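In: Generate coordinates for the sequence data below:
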Amino acid sequence: MAHKFEKIFAANIDKLAEITEFVEECADHFGLEAKQKFGLLVALEEAFVNICSYAYPNHDGMVEFACDADADADSFVMEISDSGSPFNVLSLPDPDISMDIEDRDIGGLGVYFIRRMTDKVSYRRKNDQNVLKLVLNRTS
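Out: Down below sits the predicted model:
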């Protein structure tokens, strides 16, 4: 990837298809394999839906997506930033997936998928923004 790809979208679930298309183009440009791209898109959808549902409870907001390679071009990096309510989605525990679906609490699978579909995920609060960083390592 020669340069960083960045785009800002309204934090509105109706933008999901447009965001998915943008991230797919970035992943294709970097050369992610189909399985990795699928995992990235699952993680992206889970993160974006959480932002749409919880980050801006009293007003409309925006979400920025930035895609790039790491310094060695060995990993695809996507950062999702919003200026909504401070919340570290990674602070949530993984759900108990050993329980029957009927016995589990509602929710929690989204964060589980984000963790499992990426090679590394981190959260930070920077300049009054939530920044979720997803990393997928090059497999070849």
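In: quick one, strands of this structure?
Out: Using DSSP state E, the strands of the chain run over residues 5-10, 62-69, 75-82, 120-126, 129-137.
In: Distance from stretch 36-54 to the middle of the chain?
Out: Chain-centre distance of stretch 36-54: 5 Å, with CA atoms, centre = their mean, to the nearest Å.
In: Now that stretch: buried residues?
Out: 36-37, 39-48, 50-52 (16 or more other CB atoms under 10 Å). No exception for glycine: its C-beta is placed from N, CA and C like everyone else's.
In: Most widely separated two among those?
Out: Q36 and C52 (24.4 Å; CB to CB).
In: The residue lying closest to R124 once chain neighbours are set aside: neighbouring residues, count only.
Out: Excluding the flanking residues, the one nearest R124 by CB to CB, 6 or more residues apart in numbering is V131, at 5.1 Å. Using other CB atoms under 10 Å as the criterion, V131 is surrounded by 16 other residues.
In: Count the neighbours of D119 for me.
Out: Using other CB under 10 Å: D119 sits among 14 other residues.
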